[in-house]
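>>> Give me coordinates for this.
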Amino acid sequence: MRRIAYLGPRGTFSEQAALDYAGDQSVELVPCESLQEVCLGVADGRYTQGVLPLENLIEGTVNPVLDLLLELPVLKIQAEMMLPVAHHLLVQPGSAVRDIRTVLSHPQALAQCRRYLARKLPAAKLLPVESTALAASMVAGGEKTMAAIGTTAAAKHYNLTTLEQNIQDRSNNCTRFVVVGREDIPCREVPCKTSLVVSLLDRPGALYSILKEFAWRGINLTRIESRPARTCLGEYIFFIDLEGHLGEPAVKEALEDITALSRQVRILGCYPACQSAGCQSGKKEETLEELRADIDIIDRQVIELLGKRAKLVTRVGELKQNAGQVRDPAREAQVLAQVRRLAQHHGLSPDVLETVYRTLLDYFVELQVNQLTSRVP
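Got it, this is the predicted structure:
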């Protein structure tokens with residue numbers, strides 16, 4: 001029987017996510033005391049899969065999960081889920097707001113309810129614990145001056161009273177969970193996401209050079225997050241989620257190109273994209289203005305790259321001795337042949353692109369001739 005681990009104890013949002021993922025399948029759900037226990041258990045084979053909270057609409061990324069995914073390369077993301085999150089103030093029966101001196105919960109839950117706490121319980125001590133369910137169990141066995149931020153399931157399980165409902169700062173609060181295992185899974189017939197981690201080379205514009213490979217191919221990045229590389233101060237790695245499958249030509253080409261531009265690229269997983277309407281509004285229809293703005297961005301990038309090519313041409317010119325050495329028919333033929341191949345590959349007219357490049361080559365030759373002529377005493 002498959003064993004699916006989650007951050008326990010019973011009554012957490014992680015348990016609800018695990019229940020939603022399992023559905024009517026015959027599985028054993030195993031509560032763990034920490035996210036590290038979930039990940040290590042999956043990595044060493046004790047559990048088939050693990051359910052992890054990755055990011056929240058209000059508080060953003062759960063950084064310890066990113067660190068664990070980085071530290072344990074055997075883990076692969078196999079699925080994602082969006083879970084609506086409603087936080088409630090739970091107390092012992094008979095307690096009132098005026099009695100509360102301490103509020104316990106997971107750090108993320110406390111942060112997601114900071115406005116309510118500042119308004120209703122400004123003098124209360126906020127005590128972070130491992131999970132919302134653990135907070136509920138501590139309140140159940142503690143003093144009447146204690147309250148927990150937790151779920152309806154936790155209130156029921158620990159016989160607590162829900163004093164205030166939906167105290168989160170945003171009514172549309174939700175958390176994205178991922179399911180990790182030790183193997184990649186097939187993902188072909190549905191919209192997919194691909195997650196990766198990139199370690200950049202130490203040079204100016206390194207991040208831009210990576211992002212533009214996705215931008216000009218029209219690949220949508222749904223998340224980009226930086227974390228310290230833990231090698232030396234100031235070095236970072238980047239976690240990237242994108243829409244698309246590893247086998248799609250555009251995605252495949254982009255990954256090949258960024259691999260050449262990076263110190264290291266590691267695929268964390270390719271998996272079905274969540275289609276939950278509860279937390280996602282879906283893609284909005286593109287407008288003419290937005291499409292033209294995208295074209296303007298690409299035009300600027302083309303000009304920028306041509307400027308860089310001109311600088312390289314100038315450096316090549318410095319290595320030539322006289323104006324008679326500037327024209328290199330063999331090299332020009334090689335460049336034009338490559339241009340035609342690339343044009344064909346990307347669905348463009350080889351003849352049109354060759355004409356454009358012949359004009360550019362004439363311009364670059366003129367640059368070098370002028371450069372060499374100016375050196376003559």
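>>> Give me the longest strand you can find in the chain.
In the chain, assigned by DSSP state E, the strand with the most residues is strand 262-272.
>>> Quick one: mean pLDDT over it.
For strand 262-272, mean pLDDT rounds to 91.
>>> what helices or strands is the next helix-or-strand element following that strand leaning on?
Where DSSP states H and E defines the elements, the next helix or strand beyond strand 262-272 is helix 288-318. Using 3 or more Cβ pairs under 8 Å, 6 or more residues apart in numbering; DSSP states H and E as the contact test, the elements touching helix 288-318 are helix 206-215, helix 350-373. Just so you know, the C-beta spots here come from the backbone N, C-alpha and C atoms, and that holds for glycine as well.
>>> Relative to Q78, which of those is closest?
Q78 lies closest to helix 206-215 among the helices and strands packed on helix 288-318, at 23.0 Å (Cβ to Cβ).
>>> in whatever helix or strand comes next after that closest one, what counts as buried?
Using DSSP H and E, the helix or strand that follows helix 206-215 in sequence is strand 221-228. For strand 221-228, the neighbour count (16 or more other Cβ atoms under 10 Å) marks E225, R227 as buried.
>>> K252 touches L242, doesn't it?
No: K252 is not in contact with L242 according to Cβ atoms under 8 Å; the separation is 12.0 Å.
>>> More neighbours: the two, which one.
L242 (21 against 13; other Cβ atoms under 10 Å).
>>> Now for that one: which residues touch it?
By Cβ atoms under 8 Å, 6 or more residues apart in numbering, the contact set of L242 is K193, T194, S195, L196, F214, I219, N220, L221, T222, V251.
>>> Check for me that the fourth one belongs to a strand.
Yes: counting by DSSP: H, G, I helix; E, B strand; the rest coil, one finds L196 located in a strand.
>>> residue contacts, it?
Contacts of L196 (Cβ under 8 Å, 6+ apart): F239, I240, L242, L255, V265, R266, I267, L268.
>>> Closest one to R182 out of those residues, please.
Nearest to R182 among those, with distances taken as Cβ to Cβ, is L268, at 12.8 Å.
>>> Return the residues in contact with that closest one.
L69, L75, K76, I77, S195, L196, V197, F239.
>>> and if you look at E33?
G8, E130.
>>> Report the separation between the closest residue to R266 other than its chain neighbours and L255.
Distances taken as Cβ to Cβ, 6 or more residues apart in numbering place V197 nearest to R266, at 5.0 Å, with adjacent residues excluded. According to Cβ to Cβ, to the nearest Å, V197 and L255 sit 12 Å apart.
>>> so what sits against both of these two?
V265.
>>> give me the low-pLDDT residue ranges for the chain?
In the predicted model of the chain, residues 188-189, 232-234, 275-286, 323-324, 375-377 satisfy pLDDT under 70.
>>> what does the domain assignment say about it?
Domain assignment for the chain, taken from automatic domain parsing, gives 1-84+174-183, 88-167, 190-284, 290-373.
>>> which residues does S262 contact?
Contacts of S262 (Cβ under 8 Å, 6+ apart): V198, S199, L200, L201, A206, I210.
>>> The strand or helix carrying F239 versus strand 221-228: what angle between them?
Remark: F239 resides in strand 236-243, with elements defined by DSSP H and E. Here strand 236-243 runs at an angle of 170 degrees relative to strand 221-228 (axes from the mean of the first three to the mean of the last three Cα atoms, to 10 degrees).
>>> can you state the direction angle for strand 236-243 and strand 262-272?
Going by the same axes, to 10 degrees, strand 236-243 makes 30 degrees with strand 262-272.
>>> could you dump the helices and strands packed on helix 288-318 to a markdown table with mean neighbour count and distance to P84?
Below are these laid out as a markdown table (neighbours: other Cβ atoms under 10 Å; distance: least, Cβ to Cβ, whole Å):
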| stretch | mean neighbour count | distance to P84 |
| --- | --- | --- |
| helix 206-215 | 17 | 30 |
| helix 350-373 | 15 | 50 |
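>>> any chance of those helices in a markdown table, plus distance to M138?
Listed next are the helices and strands packed on helix 288-318 as a markdown table, based on distance: least, Cβ to Cβ, whole Å:
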| stretch | distance to M138 |
| --- | --- |
| helix 206-215 | 44 |
| helix 350-373 | 68 |
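>>> between the ones you listed, which one is nearest to A118?
Across these, closest to A118 is helix 206-215 (Cβ to Cβ), at 36.2 Å.
>>> Contacts for that closest one next, please.
Contacts for helix 206-215 (Cβ under 8 Å, 6+ apart): 198, 200, 221, 224, 238, 242, 254, 257-258, 261-262, 297-298, 301.
>>> hmm, try it at 10 Å
By Cβ atoms under 10 Å, 6 or more residues apart in numbering, the surrounding residues in contact with helix 206-215 are 198, 200-201, 203, 205, 219-221, 224, 226, 236, 238, 240, 242-244, 250-251, 253-258, 260-263, 265, 294, 297-298, 301, 304-305.
>>> which residues of the stretch 1-150 of the chain fall in helices?
Under the criterion DSSP state H, counting those that start in this stretch, helices of the stretch 1-150 of the chain are mapped to 13-22, 35-43, 63-71, 107-112, 114-120, 132-140.
>>> Burial-wise, tell me which of the ones you listed comes out on top.
helix 132-140 (a mean of 25; mean count of other Cβ atoms under 10 Å).
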